[in-house]
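After the sequence you'll find the predicted model.
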Amino acid sequence: MLNSDNKKRNIIFVVTLILALACLGASVIKTNAYNNAKHRKMFAGDKLFNPESASSEEVSIVGVPRDSTWTKVFDFNNEGLTEHNFQAYTYDFTVTNNTKDTVKDFKFKMVFYRQVFLSSGWNGSVEIHQKIKGGEVVATVPDLREFKPEDYDLKTFTVDGENLITMNKGDYLIYTPSSSINAMEVPIEPLEATTPGFILYTAIGKDISNSTVELEYSFHRLLTSEPLYWISLTALALWLIGVIVELIISSRIRKYNERHERDNEIINESIETFTGFIDAKDPYTNGHSKRVAIYTRHIAKEMGFEGEELDRIYYIALLHDCGKIGVPDNILGKPGKLTDEEFEIIKSHTVRGGEILSSFKSLENAGEGATYHHERYDGRGYPSGKAGEEIPLIARMICVADSFDAMNTNRVYRNRLTKEDILNELENNKGTQFDPKIADVMLKLLKNGEIRFDD
């Protein structure tokens, strides 16, 4: 049976590893394919020149002219014209990345449908395509700001010393962004944008709103953005956890056995210690301690404690009055009012209990309940006058349980209180004698019947 179980586990390990590696390989292939893909979008009219359309595409381009313009006289035939007939526009073409991936590179082709004259541009190179005499002239200008007509076979026009490139209907340019440090246009980070631009002239009253732009771009997606990558990592993690669990299972069993032996030791020591108290004192003391331990366990469970911690709280509460072993019986059982000296002797049982339990090493913080269960939340208790959360939590629990049992049982000096009086005492002493949160827990347990008044 054991060998069969081991075989099944080994099969699960192998299958999990194969699936994890397959997912990892698929995520790499898928990411590379996505990054190598070229995307193309066409922009024209309102889609190209309306800024509000920018967010409707994963990657968009919007052309916006600046407010500042100027005019010049274009005297093509040297006729002596003096009236300005062409206007200059500075167009910003903003390329926006609306995705969570990085735009690795892009370029765009802009086709003109009326005559314009290209003056300047920035942050990239421009490939000019002119139709001349039935053919096409193509030239790449690395930087339009440094354009010199004599270096190219392009059709140009010069006005007022400014060299312009003539772009007739059907001519187009291809803009490629710069990746240099001084004018870096690519890559475009997620939800960021870059803005190349051009200065061009059109006849007064005309613009380039009928032009079209074809935008081509590609992405660089990180492998960590691919869901399959995380699926594969999860599978690998599960595989690794399974291997680790398999390797340490024997160690876990050994530690469990040691813990079990330690718990038995705690129980044995507690029983032996408390048996000594029973032998030394009357049956009332034993009954009171047992009930307080049960009530404290109820409170702790309601507050979220469980397992071994709940057992530890129970044992500490069971031993809370162990210091009374040193208090004379005539004082413990005195029916009348105690003298100041007798009351001091009674109070000393808290410190004495803590001293007795100081050697109880197998039960962590065993003396906290014995030492501090008569402290008050308002700081007026004994033996140290601790207040609020300075008092250990276990002692605050025992304080409520101990007080309830004292009110709910007959004492030498008075009979038990009524149910109504007990509830009122718990309610009225919240924040003074009792931790208000723990008092509320006790009230809830009493009202729900989980702790009964006649127990």
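Looks like it came in fine.

Helix, strand, or coil at T90?
Recorded secondary structure, T90: strand (DSSP: H, G, I helix; E, B strand; the rest coil).

Specify which residues of the stretch 201-350 of the chain, grouped into ranges, have pLDDT under the cut-off.
Residues of the stretch 201-350 of the chain meeting the criterion pLDDT under 70: 250, 264, 268, 270-286, 333.

Swap in 90 and give it another go.
Along the stretch 201-350 of the chain, segments meeting pLDDT under 90 span 209-210, 222-293, 307-308, 311-312, 314-350.

all helices in it, in order from the N-terminus.
Here the stretch 201-350 of the chain has its helices, by DSSP state H, counting those that start in this stretch, at 227-280, 283-302, 307-318, 329-332, 340-357.

want to throw those into TSV with mean neighbour count?
In short, each C-beta sits where N, CA and C put it, glycine included. As requested, the helices of the stretch 201-350 of the chain are exported to TSV (neighbours: other Cβ atoms under 10 Å):
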stretch	mean neighbour count
helix 227-280	13
helix 283-302	19
helix 307-318	19
helix 329-332	13
helix 340-357	17
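
contacting residues around N50?
V62 (Cβ atoms under 8 Å, 6 or more residues apart in numbering).

and if we set it to 7 Å?
Listed by Cβ atoms under 7 Å, 6 or more residues apart in numbering, the contact set of N50 is empty.

For the helices of the stretch 201-350 of the chain, give me TSV that also has distance to I29.
What follows is those, written out as TSV (distance: least, Cβ to Cβ, whole Å):
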stretch	distance to I29
helix 227-280	9
helix 283-302	54
helix 307-318	48
helix 329-332	82
helix 340-357	66
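
closest one to L445 among these?
With Cβ to Cβ as the measure, helix 283-302 is the member of the helices of the stretch 201-350 of the chain nearest L445 (5.6 Å).

State the phi and psi torsions of A33.
Backbone torsions for A33, taken as degrees, to the nearest 10, come to phi -60, psi -40.

Use 10 as the first number from now on
Let's use 10 as the start, then, which means that last one is A42.

gap between the residue nearest to D330 when sequence neighbours are not counted and T78?
Sequence neighbours aside, S298 is the residue nearest to D330 in space, at 5.5 Å (criterion: Cβ to Cβ, 6 or more residues apart in numbering). Distance check for S298 against T78: by Cβ to Cβ, to the nearest Å, it reads 96 Å.

Within the helices and strands, which one has the nearest residue to A244 once chain neighbours are set aside?
Using Cβ to Cβ, 6+ apart and skipping the chain neighbours, the partner closest in space to A244 is A29 (3.5 Å). For A29, the host element (DSSP states H and E) is helix 11-45.

The stretch 10-159 of the chain: strands as residue ranges?
Secondary structure of the stretch 10-159 of the chain (DSSP state E, counting those that start in this stretch): strands at 48-53, 68-74, 79-81, 95-106, 111-120, 125-131, 133-141, 144-150.

a markdown table please, covering these and showing mean pLDDT and distance to S371.
Compiled in a markdown table, the strands of the stretch 10-159 of the chain are given as follows (pLDDT from 0 to 100; distance: least, Cβ to Cβ, whole Å):
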| stretch | mean pLDDT | distance to S371 |
| --- | --- | --- |
| strand 48-53 | 93 | 70 |
| strand 68-74 | 93 | 69 |
| strand 79-81 | 94 | 94 |
| strand 95-106 | 94 | 65 |
| strand 111-120 | 95 | 61 |
| strand 125-131 | 94 | 80 |
| strand 133-141 | 94 | 78 |
| strand 144-150 | 94 | 86 |
